[in-house]
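> Below are the sequence and a predicted model for it; my questions follow.
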Amino acid sequence: MGGLADTVNSLYAILKAVFEDKIVSFDELMRCTRENWENDEILRQKIRNGYRWFGNDNDEADRIYTHLIDRFSDMCKTCDVNSSFRYTPGISTFGRQVGWTENRMATVFGTKKGTILSGNSSPTPRH
């Protein structure tokens, strides 16, 4: 599984900014990412700098991570039942966080297109 920290941050951003703090609607947040945060720099900075992301001493974000990795592990176990192979869950990007930047789109947690994001299960870098 690659990009898990970024998935956690995306879910956390939606939870906080849309549902709890209500600073933006879901549709508006999706528009911001489609448009690479053009003309929405104030909102982007508020989201990007207003929360602590995965791996940065945020128990709430870390719980989302744990939930996702537990569900992924459970899915792998169900695949073992009908197979002669064992499906071992793993988390990795092996440096692809750098190689993927050219095709990486903006995120709901405030990064712009082409930004280097987390590697493996590493904490989210501050930009």
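Everything's here; your move. Numbers count the residues shown, from 1 in each chain.

> what comes up buried for stretch 6-16?
Buried positions in stretch 6-16, judged by neighbour count with 16 or more other CB atoms under 10 Å: 6-14, 16. Any C-beta I mention is one placed from the backbone N, CA and C, and that applies to glycine too.

> Same question for stretch 40-48.
40, 43-44, 46-48.

> quick one: contacts of it?
For stretch 40-48, contacts defined as CB atoms under 8 Å, 6 or more residues apart in numbering pick out 13, 17, 23-24, 32, 37, 108-112, 127.

> pretty sure Lys113 contacts Thr107?
No. Assessed by CB atoms under 8 Å, Lys113 is found out of contact with Thr107, at 9.3 Å.

> Which one of those two is surrounded by more residues?
Thr107 (22 against 15; other CB atoms under 10 Å).

> so the more buried one touches Ile116, yeah?
No. The criterion here is CB under 8 Å, and Thr107 misses it with Ile116 at 11.8 Å.
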